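Visitor: quick one: sequence and predicted model below, then my questions.
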Protein chains: 2
Amino acid sequence: MRINLADKPIYLTEVGPRDGLQNEKEIIPTEVKVAFVNALSRTGVSEIEASSFVSPKKIPQLADSSEVFQKIERVPGIIYSALVPNAQGFERALEAKVNKIAVFTAASETFNQKNINATIAESIERFKPVVARAKQEKLPVRGYISTCFHCPYEGKIAPSAVIPIVQQLLALGVDEIVLSDTIGKAVPTEVRTLLDAVLKQLSQERVTLHFHDTYGTGIANVLAGWEYGISRFDASAGGLGGCPYAPGASGNVATEDVVYALQNSGAKLSVDLNQVIAASQRIAAHLQKPLPSRVYGVYRSKN
Amino acid sequence: MRINLADKPIYLTEVGPRDGLQNEKEIIPTEVKVAFVNALSRTGVSEIEASSFVSPKKIPQLADSSEVFQKIERVPGIIYSALVPNAQGFERALEAKVNKIAVFTAASETFNQKNINATIAESIERFKPVVARAKQEKLPVRGYISTCFHCPYEGKIAPSAVIPIVQQLLALGVDEIVLSDTIGKAVPTEVRTLLDAVLKQLSQERVTLHFHDTYGTGIANVLAGWEYGISRFDASAGGLGGCPYAPGASGNVATEDVVYALQNSGAKLSVDLNQVIAASQRIAAHLQKPLPSRVYGVYRSKN
């Protein structure tokens, strides 16, 4: 099995600038965000989710998304993507020349209601025209499904709740499905169980795994996914992010930790760990707080 | 496979009072250590490595080992063990009524030399009489092998370097072999490769895995070991410990994180997470520093 896996390139999507920063209370200057994205462009990741075109009222931190996209230095080959909630957001994203858009819903009705004030069906209805416009403009679309394993309100989420959402997103023409463990409670056995069901619906190449490291299982989940043939993972520099349902707890699985674990397991992943650490340092210096990444922590302790 | 695994009880050895505290610079009062061990006795772990009978000159922090053993309230069924380096230490341990002793060597010559100023052969020679005395006194013996995967000086350690040490320890009559990832650099593929070799030498029941979470792979390694049939793991409350080669980096794999991951994976492990957190809180209040455990971090953020 290992020989096969080692031949299959890994694609990392760096979500630090969006998922990592969106819950920061103090507004981060645009220049700092731009410098962060530029630093991430030097790491070797495939894709950077650079911002979000949601309503500035809802997420004031990302109100400067157009400006961020305008000011970043784009490195050829890297996909600069953004979250897009509706038709209006899509036109702004298009104007900002994003390379890919991301739409989002959830596998838990209660979570979706509390998160975006819509039923799952309503949220899908809402981004139907967005996906249609993206298709017209030949932009690829990723579809986030939040709370694929556990919901802070409903508890454990069964694969049978996830599959109909996957099917609906595929029917709309979404290119890539992002299975998200929003609150970071999943364990590898749950990852495998969900993948068993999901991989009957689409190929491994179209599945991305998005983990949070809230309960310490993030890296175990990434490796379990990789050993199951998945080659697309989301991660956040330094482990930025945090879970709104456990303030202060650790956030998205850290890019440094994902890179360390995958590269040392023999995965084909040409991301430069030192450049990731440099990007994390840059944002940590601005945020003035410790970052939860274990690998970043070792680096800091030695320097 | 899961059904089999779920039937097999897991045995946790809590190493916080010894491996977790030995590198703390400020001397911790004996009463605090005793209270910590007593709190750990309420968690449901099988064994507590309560201290070490090494020379007080070498590890001043654990100079009060006899007093700790004298003052703790022993809960029937729990094994209270201690590290023993030599014949003199053994007699002190015996007097202190330890239930089990631990001897130690390494798989890397350079590490052993720098750590205890002896070749591997010399260190084994040194604890031969200790194991013999333990056998006389009918005390079980665990044998730690440090740097089984990576050495801070020699780099990657091959299973072929570990196996002869395992064989020598078994020949002496050591009951349990503790494969230790001293600097926390291992990944699951390395754990499986070493286990493939080691399990030709002795049964799964006699192998303990001892991980550090320095690079974020600790929980992935525990789960990989469990899925390979191993049922004995070392862990430290709150993730106390730290790696002397990466000061400030995270330490032993945290008991909270191990319990969370194994219980949610369906393992048979009746440790009370809330009691572990209570024990961690107690020691954290004394040490006045954050503990690296992810699960403990969630608890703290909510309370």
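Guide: That came through, no problem.

Visitor: show me which residues of chain A are close to chain B?
Guide: The interface of chain A toward chain B, taken as Cβ under 8 Å from any Cβ of the partner chain, is made up of A:2, A:185, A:187-190, A:213-220, A:223, A:246-250, A:254, A:257, A:260-261, A:264-266, A:293-295, A:297-298, A:300-302. Glycine gets a C-beta too; all of them are placed from N, C-alpha and C.

Visitor: try 7 Å this time
Guide: Taking Cβ under 7 Å from any Cβ of the partner chain, the part of chain A that reaches chain B is made up of A:2, A:187-189, A:213-217, A:219-220, A:223, A:246-250, A:257, A:260-261, A:264-266, A:294-295, A:297-298, A:300-302.

Visitor: separate out the buried members of those residues.
Guide: Burial by neighbour count, judged by 16 or more other Cβ atoms under 10 Å in any protein chain shown, picks out A:187-189, A:213-217, A:219-220, A:223, A:246, A:249-250, A:257, A:260-261, A:264-265, A:294-295, A:297-298, A:300-301 from the residues of chain A next to chain B.

Visitor: quick one, helices of chain A?
Guide: Ranges of helices in chain A, per DSSP state H, are A:2-7, A:30-41, A:65-71, A:87-95, A:109-116, A:120-136, A:159-172, A:188-198, A:218-227, A:255-264, A:273-287, A:294-302.

Visitor: a markdown table please, covering the ones you listed and showing distance to residue B:173 and mean pLDDT.
Guide: Rendered in a markdown table, the data for the helices of chain A read as follows (distance: least, Cβ to Cβ, whole Å; pLDDT from 0 to 100):
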| stretch | distance to residue B:173 | mean pLDDT |
| --- | --- | --- |
| helix A:2-7 | 37 | 72 |
| helix A:30-41 | 55 | 98 |
| helix A:65-71 | 66 | 98 |
| helix A:87-95 | 69 | 97 |
| helix A:109-116 | 56 | 92 |
| helix A:120-136 | 62 | 96 |
| helix A:159-172 | 49 | 98 |
| helix A:188-198 | 37 | 98 |
| helix A:218-227 | 35 | 98 |
| helix A:255-264 | 35 | 98 |
| helix A:273-287 | 44 | 97 |
| helix A:294-302 | 38 | 90 |
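
Visitor: in a markdown table: those helices, plus distance to residue B:116.
Guide: Supplementary listing: the helices of chain A in a markdown table, determined by distance: least, Cβ to Cβ, whole Å:
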| stretch | distance to residue B:116 |
| --- | --- |
| helix A:2-7 | 36 |
| helix A:30-41 | 43 |
| helix A:65-71 | 55 |
| helix A:87-95 | 61 |
| helix A:109-116 | 53 |
| helix A:120-136 | 60 |
| helix A:159-172 | 51 |
| helix A:188-198 | 37 |
| helix A:218-227 | 32 |
| helix A:255-264 | 28 |
| helix A:273-287 | 32 |
| helix A:294-302 | 24 |
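
Visitor: out of those helices, flag the one nearest residue B:136.
Guide: helix A:218-227 (42.8 Å; Cβ to Cβ).

Visitor: tilt between that closest one and helix A:188-198?
Guide: For helix A:218-227 against helix A:188-198, the angle by axes from the mean of the first three to the mean of the last three Cα atoms, to 10 degrees is 40 degrees.

Visitor: report all helices and strands that helix A:218-227 contacts.
Guide: Under the contact criterion of 3 or more Cβ pairs under 7 Å, 6 or more residues apart in numbering or on different chains; DSSP states H and E, helix A:218-227 touches helix A:188-198, strand A:207-211, helix A:255-264, helix B:218-227.

Visitor: then that helix to CSV, C-alphas only?
Guide: Taking only C-alpha atoms (Å, rounded to 0.1, in the frame of the first residue of the first chain), the coordinates of helix A:218-227 have been written out as CSV:
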residue,chain,number,x,y,z
GLY,A,218,-6.4,16.0,13.9
ILE,A,219,-3.1,14.5,12.7
ALA,A,220,-4.4,11.0,13.3
ASN,A,221,-7.4,11.8,11.1
VAL,A,222,-5.2,13.3,8.3
LEU,A,223,-3.1,10.1,8.3
ALA,A,224,-6.1,7.9,8.3
GLY,A,225,-7.5,9.8,5.3
TRP,A,226,-4.2,9.6,3.5
GLU,A,227,-4.0,5.8,4.1
